[in-house]
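task: produce atomic coordinates for the following.
(chains A and B)
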Amino acid sequence: MFVEVLPGGGPAASPVQAVAGRAAAARHPLARRLVPYLYILPAVVLLVLWTYWPLLQNVGLSFQDWNLIPTRPRVFVGTEKYAKVLSLPELRQALMNTVVYIGAFLLISVALPLVFALLSRSVQGRARTFYQALIFVPFLVTPVASSAVWRWLFAPDSGTIPAIAAALGHPMGDVFRDPDGSMTSVIVIVGWQMLGFGVLVIAAGLAGINPDYAAAAALDGARRRQILWRITVPLLSPSLVFLSLMTILLSAQWTYPIIDLVTQGGPGNSSTNIYYLLYQFGFRNFDAGLSAAAGVLFFVGFGLVALLFVELSERLSFHDN
Amino acid sequence: MGRLVLNQLSRSFKDVKAVDGISLEVQDGDFLVLLGPSGCGKTTLLRMIAGLLEPTSGTLELDGADITTAPSRRRDLAMVFQSYALYPHLSVAKNLAFPLTIRGMPRKDIAARVAQVAEMVEIGHLLDRKPKELSGGQRQRVAVARALVREPKAFLMDEPLSNLDAKLRTATRQELAALHRRLGATFIYVTHDQVEAMTMATRIALLKDGRLEQYGTPAELYDAPASVFAAGFMGSPAMNLMDARLASSNGSVTVMAPQLEAVLWPGATPERDVVLGIRPEHLVLHAAGSVAAAPTTGAALRGTVELTENLGREQLIHCRVGEHRLTATCPREQRWEEGAAVVLSAPASRLHLFDRESGRRLEWLEETAGLPLSTHQNLPA
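Residues are numbered from 1 along each chain as shown, chains lettered A, B, ... in the order given. The predicted structure is shown next:
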């Protein structure tokens, strides 16, 4: 007679105990299901309190006419404020300016850092860290302080930059009062600050790329330029997409304090951007509804851009292993 | 063609000599395995051959041309990386096509060649996938296929099997060896695994601390290790090594140590400190006091059984002999109790002798010029 041999020779272990344990765990199914939500509760409360509730209030405000004085009534005006915002010539100017700012910053805080980070690869060891730190430091300077310094540098009578320009035979007046120069000066100041951030992000991206890829491509016969364009840059694209997204979404915010401190959007509206305009609607002209309506429109617009980039970065994400 | 000559190739990192004056010739069609423990410089040597690292000194020739300073892309070598280095943003088909696209081959020819190679390594069904969608074994195949796609002068492989599980490694090992036979191309293969080296190589370069320890066929390395290090590195369980003294008595060459007597062959030699090596499979166990325990030539070692290990196919008997612990393999039918007094014997022809100071192998030469024993420098010609 054949007898089947069990592992270990003894009878199989009873499954009863395991079932009993499971039953105990299932005693409070509701409590168990609640636990994960309790973990995220503090974050949710803060987000609702500081972000989503004000956002909703802002949407409500955009349908009302109100001059920010608490004793004055809020009057429901429907979509009137939206119609007004869209017809304002200032808005068109501010939007155009914002697009120019974004374009300039894409160049300064994405394209230029790419070049810098790639070039700094040929600097070895500590010198590279030092070099990258040097580029990054301006990012840590508060905009107020750097604006003050740049204002001195650009001061028409005693500033260093006009003095150098004059010595070179190109005398320049007060750039901040010059309709053609004011925007450029804002771009220079903000770009100087943001460049380091871009270099940091791209250098981190480059450091995350396994050097074997470049080595493999070299053995496969690729020249340095081919390796750069066919291997390194595609592998860097998640970092580039992230940086581009940050630049597009945040450049209006980065420029805001500099505009406020250096040009106040002027002369005329030549250096303003959408956020500065929004601030002026609300807190200079005391038209809360108009400001809120503009805010809602920008929120929707930037939201769409963000969605597009998130989709793009999902497609570009590779597992580097 | 793929004949590679390394001449006094060295590479230092700051004060550390990673590769120290290595010279060897790789003939066209050889499967050379660079073998050694981690940190022995084998990967550094391979990367110098690949052109990924510049040598500090020495020269490198491929088919007669000096390629010491030639960039990687001009060397016409293909490499399989330990990480496989499959371009993660490209599909398998595009990974395979990459070396051909770079060379500007017409699209039609590329597609045909890719299909041909994919079929050769059985990855035809994976061509549309991205590397992240492949298993470890599939990635390894794609990496090999990418090397195969453009018929280079030699294939360089840096531990390509180390990321595979044991079973897949054995299967892939056989496939790589078969691939080498079919292509007849030069392979240079880095590994720390002596089994891979023994099974695949036509030649092994054994490295230690950046220096060439022995260069020869797998059989030469196993049967006649050129140094104590080579003797201890090749073979599992490792060769038994013990300090002894070489002498002559009654017209015979003898090796003596506590609990050890060995009569080698007729002759005379000045006394000398040596290391005696005996492979576990060449030791035969006898019960102490039995007739067979007193051989007239060869080595006899007296000891006690300390531990027996059942490996399934055979058993390992670990014995205490003097201050050394020796391992013998024997059939499982034999029963050896722990603590039993035994005599281990080995024929004279299976004994390996090494100079204790230099660690180099000693070979017996029939008396010619009065120097009966010479340090055998098993270095490349």
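
under the pLDDT cut-off, which ranges of chain A? List them.
A:1, A:8-27, A:318-321 (pLDDT under 70).

contacts for stretch A:174-181, please.
Stretch A:174-181 is contacted by residues A:151, A:154, A:156, A:172, A:182, A:184-185, A:262-263, A:266-268, A:270 when judged by CB atoms under 8 Å, 6 or more residues apart in numbering or on different chains. All C-beta spots, glycine's among them, are computed from the backbone N, C-alpha and C.

go with 7 Å
Residues outside stretch A:174-181 that contact it (CB atoms under 7 Å, 6 or more residues apart in numbering or on different chains) are A:154, A:156, A:182, A:185, A:262-263, A:267-268, A:270.

off-centre distance for that stretch?
Computed by CA atoms, centre = their mean, to the nearest Å, the separation of stretch A:174-181 from the middle of its chain amounts to 28 Å.

buried residues, that stretch. List them.
For stretch A:174-181, a neighbour-count test (16 or more other CB atoms under 10 Å in any protein chain shown) marks A:174-176, A:178, A:181 as buried.

returning to that earlier point: show me which of the contacts of stretch A:174-181 are buried.
Counted by 16+ other CB under 10 Å, the contacts of stretch A:174-181 give A:154, A:156, A:182, A:185, A:262-263, A:267, A:270 as buried.

need the max-distance pair from these.
By the measure CB to CB, A:Pro156 and A:Ser270 form the most distant pair in those, at 17.3 Å.

ok, which residues in chain A are in contact with chain B?
A:210, A:212-213, A:215-216, A:218-223, A:226, A:231, A:234-235, A:318-320 (CB under 7 Å from any CB of the partner chain).

from these, which would you call buried?
Buried, going by 16+ other CB under 10 Å: A:212-213, A:215-216, A:218-222, A:226, A:231, A:234-235, A:318, out of those.

adding secondary structure, write those residues out as JSON lines.
Shown next, in JSON lines, are those (DSSP: H, G, I helix; E, B strand; the rest coil):
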{"residue": "A:Asp212", "secondary structure": "helix"}
{"residue": "A:Tyr213", "secondary structure": "helix"}
{"residue": "A:Ala215", "secondary structure": "helix"}
{"residue": "A:Ala216", "secondary structure": "helix"}
{"residue": "A:Ala218", "secondary structure": "helix"}
{"residue": "A:Leu219", "secondary structure": "helix"}
{"residue": "A:Asp220", "secondary structure": "coil"}
{"residue": "A:Gly221", "secondary structure": "coil"}
{"residue": "A:Ala222", "secondary structure": "coil"}
{"residue": "A:Gln226", "secondary structure": "helix"}
{"residue": "A:Ile231", "secondary structure": "helix"}
{"residue": "A:Pro234", "secondary structure": "helix"}
{"residue": "A:Leu235", "secondary structure": "helix"}
{"residue": "A:Phe318", "secondary structure": "coil"}
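
that older thread, looking at the buried residues of stretch A:174-181, which are in strands?
Among these, no member falls in strands (DSSP state E).

would you turn these into CSV with distance to B:Ser10?
Listed next are the buried residues of stretch A:174-181 as CSV, based on distance: CB to CB, whole Å:
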residue, distance to B:Ser10
A:Asp174, 65
A:Val175, 60
A:Phe176, 63
A:Asp178, 64
A:Gly181, 61
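
and which of these is nearest A:Val99?
Closest to A:Val99, out of all of those and judged by CB to CB, is A:Gly181, at 19.0 Å.

contacting residues around B:Ala231?
Listed by CB under 7 Å, 6+ apart, the contact set of B:Ala231 reads B:225, B:239, B:241, B:277, B:352, B:354.

and the longest strand along chain B, what does it pack against?
Ranked by number of residues, the top strand in chain B under DSSP E is strand B:298-310. For strand B:298-310, the elements it packs on are strand B:260-266, strand B:315-321, strand B:324-330, strand B:341-346, judged by 3 or more CB pairs under 7 Å, 6 or more residues apart in numbering or on different chains; DSSP states H and E.

most widely separated two among the buried ones among the residues of chain A next to chain B?
A:Gly221 and A:Phe318 (22.5 Å).

now for A:Val85, how many residues are close by?
24 (other CB atoms under 10 Å in any protein chain shown).

that one: what secondary structure?
helix.

neighbours of B:Asp128, how many?
Counted with other CB under 10 Å, B:Asp128 comes out at 10.

can you verify my assumption that it contacts B:Asn95?
No: judged on CB atoms under 7 Å, B:Asp128 makes no contact with B:Asn95 at a distance of 11.5 Å.

helix, strand or coil: sort out B:Pro37 for me.
Applying three-state DSSP: B:Pro37 is coil.

that one is in contact with B:Thr191, isn't it?
No: taking CB under 7 Å as the definition, B:Pro37 is not a contact partner of B:Thr191, at 11.0 Å.

which one of those two has more residues nearby?
B:Thr191 (23 against 13).

measure whichever residue of the stretch 101-250 of chain B sits closest to chain A to B:Arg103 for me?
Of all residues in the stretch 101-250 of chain B, the one sitting closest to chain A is B:Lys132 (4.2 Å; CB to the nearest CB). Distance of B:Lys132 to B:Arg103, given as CB to CB, to the nearest Å: 27 Å.

what does chain B put close to chain A?
Counting by CB under 7 Å from any CB, chain B sits next to chain A at B:50, B:52, B:72-73, B:77-79, B:81, B:83, B:85, B:87-89, B:98-99, B:102-103, B:132.

put the buried members of those into a ChimeraX selection.
ChimeraX command restricting those to the buried ones, with burial defined by 16+ other CB under 10 Å:
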select /B:50,52,72,73,77,78,79,81,83,85,87,88,89,98,99,102
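
from the residues of chain B next to chain A, which ones fall inside strands?
B:77-79.

as a markdown table, those with pLDDT would be great.
As requested, those are arranged in a markdown table below (pLDDT from 0 to 100):
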| residue | pLDDT |
| --- | --- |
| B:Leu77 | 93 |
| B:Ala78 | 94 |
| B:Met79 | 94 |
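
of these, closest to chain A?
Taking those together and measuring to chain A by CB to the nearest CB, the closest member is B:Met79, at 4.7 Å.

show me what contacts the closest one?
Counted by CB under 7 Å, 6+ apart, B:Met79 has contacts A:216, A:219, B:50, B:147, B:156, B:158.

follow-up on the earlier one: from the buried residues of stretch A:174-181, pick the one nearest B:Ser12.
Nearest to B:Ser12 among the buried residues of stretch A:174-181, with distances taken as CB to CB, is A:Val175, at 55.4 Å.

which helix runs longest in the chain?
I'll assume chain A. Taking DSSP state H as the criterion, chain A has its longest helix at helix A:288-316.

that's the other chain; I wanted chain B
helix B:166-183.

ok, then the element right after that one?
strand B:186-191 (DSSP states H and E).

quick check: angle from that next one to helix B:166-183?
If you take axes from the mean of the first three to the mean of the last three CA atoms, to 10 degrees, strand B:186-191 sits at 160 degrees to helix B:166-183.

ok, residues contacting strand B:186-191?
B:2, B:4, B:26, B:28-35, B:42-43, B:46, B:49, B:153-159, B:180, B:197, B:200.

could you do stretch B:286-306 as well?
Taking CB under 7 Å, 6+ apart as the rule, stretch B:286-306 contacts B:255, B:259-263, B:278, B:317-321, B:325-326, B:336-348, B:351.

buried subset of those?
If you count burial by 16+ other CB under 10 Å, the buried members of those come out as B:255, B:259-263, B:278, B:317-319, B:321, B:326, B:336, B:342-346, B:348, B:351.
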